[in-house]
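*Asks:* fold the following for me, if possible:
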Amino acid sequence: MHLFFRVLPFLFLLLSPARAEQALQLSSELGASATRGYAPPPAAFATPEIPTPAVPRLPDPSQEVRDELPPMPTIDLTTPPDDLWQRMRNGFSMPDLDSPLVADRQAWYLNRPDLLKRIFERSRRYLHHIVEELEKRGMPTELALLPVVESSFNPLAYSSARALGMWQFIPATGKTYKLQQNAWFDQRRDIVASTGAALDYLQTIYEMHGDWHLALASYNWGENAVARAVAKNQAKGLPTDYRNLKMPVETAYYVPKLQAIKNIIAHPQLFGITLDPIPNKPYFATVERNENMDIALAARLAEIPVEEFIALNPAYSRPVMPTAANSPLVLPADKVQTFLANLQSHEAQDKPLSAWFTHKLKKGEKLDTVAKRHGLTLLRLKQLNGINAKTKVVPGFALLVPGKDAVGHEALAARLPQTPASPPRAVKAKKGKLTKGSVRAKIVTRVRKPTVAPKSR
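*Replies:* Have a look, this model is predicted:
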């Protein structure tokens, strides 16, 4: 047998060419059969088929989802939106408050569409800066709407609690957050300084409570008052969230007001409100200065109305911006280069930046005598120097008086923001159960609100 297997290969070589061709053809057919698929064996050698149970065909799951559910809308957060409102919506991250008071305040605002329109129009100057600062700190962007509740976005607002500015700082809290306050300027009205201080304060009280609703209650009522209310509920085994704390009526309505405004901004079409788009770009820019400068001159160099300049620089109470204020000028972004070019031309002509000087009151000298000497009425002299019934005018008191080149000081004096001698009287809430509509809102006085509305940008 061994010999046979060794000889077998040589026997194939001895086959005739015809045989070899048949072998090749058979090999080709077998290859083609393998390519087409398995061929069943002849019937004589076939094994009996075993029936398999029928399996029902299931629908395509992906097709079923496509048919029943619409595509989920997506938000592209990598491309900044053109509208600042949308940018703000993208940053909403504060838990929503579910309370009947939200619906109450929502209805209140919706029944005053003209008021909302004025507030939103006024906010155009300031919103981009606030949203930008919130995003830098990783804070919820709905906080940019807090000035709606606090001051209706009026940087000159003054309350019964002596709170001042867009963010309504009382004197003590303003000093805590290094907002300068004197007869020349009050940084509680300063747009940039007060916004930074307000966000610092909000961060501090949020870290104290770990809850944005309690942080906002603290902003309105005081962090210590909120902490005491939380401690009382804890001692009684009661919930310590915003809705379950015992608080003044004004504070109880405070977060619902913000939530109502947030809802309106989030879904304006749902409430029949039309929001004019706000360009998602800075409305203003800042310019550093290192000398005293007249407000009227700064407005003229920037080629903007005095009212617009005051709306962006509301901290100053005098016609001159002192160097001691250490605050940059705030100008419309598209007017910065105009201002710098005109300033360079002004200084090239050796013209002064201020046409005002100070006069120290001498012993026995009367205010009306000083006023007459400088061509002013007594009322104007007092107005220019912030002198009211509570001001102590003694020898050595520095009076600001106009020089010969001071132009338009009479008109300017009437436009400059002043802090009233006495805050407006608050309306006391009646004692009793908190019911719908029994709001004791903070009384806000609009002090010489600029009459010129901002231009659409």
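*Asks:* map the structural domains onto the sequence of this protein.
*Replies:* The chain breaks down into these domains under automatic domain parsing: 84-280+439-446, 356-404.
*Asks:* would you mark the buried spots in stretch 243-262?
*Replies:* 245, 247, 249-262 (16 or more other Cβ atoms under 10 Å). Every C-beta, even on glycine, is put in place using the N, C-alpha and C of the backbone.
*Asks:* name the residues that touch stretch 189-200?
*Replies:* Identification of contacts with stretch 189-200 by Cβ atoms under 8 Å, 6 or more residues apart in numbering yields 125-126, 129-130, 133-134, 137, 139, 143, 146, 155-156, 164-167, 169, 174, 177-179, 187-188, 284, 286, 312-315, 327-328, 330, 417.
*Asks:* could you rerun that using 7 Å?
*Replies:* 126, 129-130, 133-134, 137, 139, 155-156, 164-167, 169, 177, 179, 187-188, 286, 312, 314-315, 327, 330, 417 (Cβ atoms under 7 Å, 6 or more residues apart in numbering).
*Asks:* wait, which of the buried residues of stretch 243-262 is closest to Asp294?
*Replies:* Distance to Asp294 across the buried residues of stretch 243-262 (Cβ to Cβ) is lowest for Ile261, with 38.2 Å.
*Asks:* so which strand or helix has the closest one?
*Replies:* Using DSSP states H and E, Ile261 falls within helix 254-266.
*Asks:* check contacts around Pro314.
*Replies:* Pro314 touches Pro155, Leu156, Arg189, Pro417, counting by Cβ under 7 Å, 6+ apart.
*Asks:* among the residues you listed, which are located in helices?
*Replies:* Taking DSSP state H as the definition of helices, these contribute nothing to them.
*Asks:* out of the residues you listed, which are buried?
*Replies:* Buried, going by 16+ other Cβ under 10 Å: Pro155, Leu156, Arg189, Pro417, out of the contacts of Pro314.
*Asks:* excluding its backbone neighbours, what's nearest the last one?
*Replies:* Spelled out, that is Pro417. Closest residue in space to Pro417, ignoring its immediate chain neighbours: Leu156 at 4.8 Å, by Cβ to Cβ, 6 or more residues apart in numbering.
*Asks:* wasn't Thr286 part of a strand?
*Replies:* Yes. Under DSSP: H, G, I helix; E, B strand; the rest coil, Thr286 falls within a strand.
*Asks:* so how far is Ile304 from it?
*Replies:* To Ile304, Thr286 is 15 Å away according to Cβ to Cβ, to the nearest Å.
*Asks:* just to revisit the earlier point, possible to save the buried ones among the contacts of Pro314 as a markdown table with pLDDT?
*Replies:* Below are the buried ones among the contacts of Pro314 laid out as a markdown table (pLDDT from 0 to 100):
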| residue | pLDDT |
| --- | --- |
| Pro155 | 96 |
| Leu156 | 95 |
| Arg189 | 97 |
| Pro417 | 86 |
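*Asks:* before we move on, back to that, show me which of Thr286 and Ile304 is the more surrounded one.
*Replies:* Taking other Cβ atoms under 10 Å, Thr286 and Ile304 do not tie; Ile304 has more neighbours (20 against 17).
*Asks:* isn't Arg125 up against Tyr283?
*Replies:* Yes. Using Cβ atoms under 7 Å, Arg125 is in contact with Tyr283, at 5.2 Å.
*Asks:* could you say which helix or strand contains Asp104?
*Replies:* If you go by DSSP H and E, Asp104 is part of helix 100-110.
*Asks:* now do the contacts for Pro155.
*Replies:* Neighbouring residues of Pro155 by Cβ under 7 Å, 6+ apart: Gly165, Met166, Arg189, Ile191, Pro314.
*Asks:* from the contacts of stretch 189-200, which would you call buried?
*Replies:* By neighbour count, with 16+ other Cβ under 10 Å, the contacts of stretch 189-200 hold 126, 129-130, 133-134, 139, 155-156, 164-167, 169, 177, 179, 187-188, 286, 312, 314-315, 327, 330, 417 as buried.
*Asks:* can you pull out the strands in the stretch 201-350 of the chain?
*Replies:* Counting by DSSP state E, counting those that start in this stretch, the stretch 201-350 of the chain has strands at residues 284-287, 293-294, 320-321, 329-332.
*Asks:* returning to what we had before: export the helix holding Asp104 to PDB, keeping only CA atoms.
*Replies:* The C-alpha coordinates for helix 100-110 follow below in PDB (Å, rounded to 0.1, in the frame of the first residue of the first chain):
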ATOM      1  CA  PRO A 100     -49.100  80.500  42.800                       C
ATOM      2  CA  LEU A 101     -47.400  83.800  43.400                       C
ATOM      3  CA  VAL A 102     -45.400  83.300  40.100                       C
ATOM      4  CA  ALA A 103     -48.700  83.200  38.100                       C
ATOM      5  CA  ASP A 104     -49.900  86.300  40.100                       C
ATOM      6  CA  ARG A 105     -46.800  88.300  39.200                       C
ATOM      7  CA  GLN A 106     -46.800  87.000  35.600                       C
ATOM      8  CA  ALA A 107     -50.300  88.300  35.100                       C
ATOM      9  CA  TRP A 108     -49.300  91.600  36.700                       C
ATOM     10  CA  TYR A 109     -46.500  92.100  34.200                       C
ATOM     11  CA  LEU A 110     -48.500  90.900  31.200                       C
END
